[in-house]
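Participant: okay, sequence plus prediction incoming.
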Amino acid sequence: ILTQHIDSAISEVVQHHSMLRARFHRNGDEWTQKTLKPDTSGLYHFGVHHMCFAADIERLALSRHRILDIEEGPVFSADVCHNAFGEQYLILIAHHLVVDLVSWRVILEDIESLLGGNHLQPSFSFQVWNDMQIERAKESSFLDPENVLSTTGINNNLEFWQATAETKNTVEDHLKYCTKIESKITELILKDANYPFNTEPVDLLLAAVWQAFFKTFPQRDGLTIFIEGHGREPWSSDIDLSRTVGWFTTISPIHVLKSDVHQSVASLVRFVKDARRLLPANGWAYFASRYLNESGKSAFKSHDSIMEITFNYHGQFQQLENEKAMFENVTLNGVYEQGSALPASSLIAVEVSIDRGQVTFDISANRYINHQDCISNWVKAISQSLKTICNELVSTEISHRTLCDYEFLSLGYTELNRLQERVI
């Protein structure tokens, strides 16, 4: 592909998506954002390099991370690298303040579309979406803090880990763990194991995390996990966010009591499914209430501490390419998404993805907190929990409804069991 064509495509993409032209300004404890006009010079970085070896490309990518500047710019960078074998590499770097995973798919699709001679599709403005959220938070009872959670007892039990405000908690303060789930179980997670309770794969993954946790830490009666969501939750069909570039991510908590789920795999799975499905707007309502609604700010002030555990399911989304795609995703050694000094938002972070037919858990845990040996055992136990959950579910021949399937009935699990036993 001619370099000038790539340069032209990148330029048009930056002009089209306002967040790639964003700049941020700090005034005391407050931050403000502005977007530069599309015809402003120096909106982004673009470079071309020849005779590059793999090590050169990796060093270049690292150096581009360092030039990103949310105040002075740029927040987006692109470099075309040519190696001695006639291959081209396109290095795209953006600050997380202006993109999320969905945004990367949009950006790559737009570049490919332009290089193929097509025009860009219209996209909804991120700034307009942000203003609409602020207004809705002021006027909507939907965001009343009493209406935005699906479970009670939300808390971050930092004392259990002997973590205090003085405990160091940056990215480099976290130990890394990785466990892969065999392909056979992964296939069940994606398909057959969801039949009995009409679940989604993320329900089973979360159920395994909770089950393994309670087995590894029997002294714990409950656990809150803050779950990341994609955040693209419009309340009107007139709002199409599918091609908007920006950081939409939301985080919402679910609290599970061991006493509510210890009886069986079925009780655990259906509880997790219901807790997720009953979160209004997939967690967006809680997040908007907590940060944009005055009552929510007060009600959820206790949630502002370091989170105990966060969970993020990427699904199979990381495979951005397909057989007919112009681009192929390449992993660079020694190039990381986060800087080592970045403050971590939780003591333990659980990241789950699916690559080449295998579920992978990438877990990071603060090295200074208590129960280090147990944390390692917990990570290992997740694999066995998933296997147990999937094998038991696929052996269930009857499909069962859960609380969220009865939208207009006010039921608890006791009433639900009685209803299913006597009527269905």
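Facilitator: On my side now, so go ahead.

Participant: where does the protein have low pLDDT?
Facilitator: 317-324, 408, 423-424 (pLDDT under 70).

Participant: now the strands: where do they sit in it?
Facilitator: Here the chain has its strands, by DSSP state E, at 22-27, 30-35, 45-49, 76-82, 88-94, 174-180, 222-229, 250-257, 307-315, 346-355, 358-366.

Participant: kindly reformat the ones you listed as a markdown table containing mean neighbour count and distance to residue 374.
Facilitator: Where C-beta positions appear, they are placed from N, C-alpha and C, glycine not excepted. Formatted as a markdown table, those follow (neighbours: other CB atoms under 10 Å; distance: least, CB to CB, whole Å):
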| stretch | mean neighbour count | distance to residue 374 |
| --- | --- | --- |
| strand 22-27 | 14 | 40 |
| strand 30-35 | 12 | 39 |
| strand 45-49 | 15 | 45 |
| strand 76-82 | 21 | 42 |
| strand 88-94 | 19 | 38 |
| strand 174-180 | 14 | 12 |
| strand 222-229 | 20 | 13 |
| strand 250-257 | 22 | 18 |
| strand 307-315 | 19 | 14 |
| strand 346-355 | 20 | 12 |
| strand 358-366 | 21 | 10 |
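
Participant: can you redo those strands as a markdown table with distance to residue 300?
Facilitator: Below are the strands of the chain laid out as a markdown table (distance: least, CB to CB, whole Å):
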| stretch | distance to residue 300 |
| --- | --- |
| strand 22-27 | 24 |
| strand 30-35 | 20 |
| strand 45-49 | 39 |
| strand 76-82 | 33 |
| strand 88-94 | 30 |
| strand 174-180 | 25 |
| strand 222-229 | 12 |
| strand 250-257 | 9 |
| strand 307-315 | 12 |
| strand 346-355 | 16 |
| strand 358-366 | 23 |
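
Participant: looking at the ones you listed, spot the one closest to residue 145.
Facilitator: Within the strands of the chain, the stretch nearest residue 145 is strand 250-257; the backing value is 12.5 Å (CB to CB).

Participant: report the inter-axis angle for the closest one versus strand 222-229.
Facilitator: Here the directions of strand 250-257 and strand 222-229 differ by 160 degrees (axes from the mean of the first three to the mean of the last three CA atoms, to 10 degrees).

Participant: who are the packing partners of strand 250-257?
Facilitator: Packed against strand 250-257 by the contact rule (3 or more CB pairs under 8 Å, 6 or more residues apart in numbering; DSSP states H and E) you find strand 222-229, helix 265-277, helix 284-292.

Participant: quick one: closest of the ones you listed to residue 194.
Facilitator: helix 265-277 (9.5 Å).

Participant: so for residue 42, which of the helices and strands packed on strand 250-257 sits nearest?
Facilitator: For the helices and strands packed on strand 250-257, distance to residue 42 was read as CB to CB. The smallest value, 32.0 Å, belongs to helix 284-292.

Participant: measure residue 120 to residue 232 for me?
Facilitator: Counting by CB to CB, to the nearest Å, the gap from residue 120 to residue 232 is 19 Å.

Participant: one step back: mind putting the helices and strands packed on strand 250-257 in JSON lines, distance to residue 236 included?
Facilitator: Formatted as JSON lines, the helices and strands packed on strand 250-257 follow (distance: least, CB to CB, whole Å):
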{"stretch": "strand 222-229", "distance to residue 236": "19"}
{"stretch": "helix 265-277", "distance to residue 236": "21"}
{"stretch": "helix 284-292", "distance to residue 236": "13"}
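
Participant: which one, of these, ends up nearest to residue 96?
Facilitator: strand 222-229 (12.4 Å).

Participant: what strands flank that closest one, and is each parallel or antiparallel?
Facilitator: Sheet pairing for strand 222-229, assigned by DSSP bridges, gives strand 250-257 (antiparallel), strand 307-315 (parallel).

Participant: report the inter-axis angle for it versus strand 346-355.
Facilitator: For strand 222-229 against strand 346-355, the angle by the same axes, to 10 degrees is 50 degrees.

Participant: kindly export strand 222-229 (C-alpha atoms) in PDB.
Facilitator: What follows is strand 222-229, C-alpha atoms only, in PDB (Å, rounded to 0.1, in the frame of the first residue of the first chain):
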ATOM      1  CA  GLY A 222     -19.200 -12.700  50.600                       C
ATOM      2  CA  LEU A 223     -17.300 -11.000  47.700                       C
ATOM      3  CA  THR A 224     -18.000  -7.900  45.600                       C
ATOM      4  CA  ILE A 225     -16.600  -7.900  42.100                       C
ATOM      5  CA  PHE A 226     -16.700  -4.700  40.000                       C
ATOM      6  CA  ILE A 227     -17.400  -5.700  36.400                       C
ATOM      7  CA  GLU A 228     -16.300  -3.600  33.400                       C
ATOM      8  CA  GLY A 229     -18.800  -3.100  30.600                       C
END
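
Participant: nearest residue to residue 201 in space, please, no chain neighbours.
Facilitator: Using CB to CB, 6 or more residues apart in numbering and skipping residues adjacent in sequence, the residue nearest residue 201 is residue 189, 5.0 Å away.

Participant: which residues touch that neighbour?
Facilitator: Going by CB atoms under 8 Å, 6 or more residues apart in numbering, residue 189 touches 181, 201, 204-205, 359, 386, 390.

Participant: residue 144 too?
Facilitator: Residues near residue 144 by CB under 8 Å, 6+ apart: 289, 293, 295-296.

Participant: which residues touch stretch 16-28?
Facilitator: If you take CB under 8 Å, 6+ apart as the criterion, stretch 16-28 is touched by 13-15, 31-38, 40, 43-44, 70-73, 75-76, 94, 97-99, 103, 106-107, 110, 120, 123, 125-127, 244-247.
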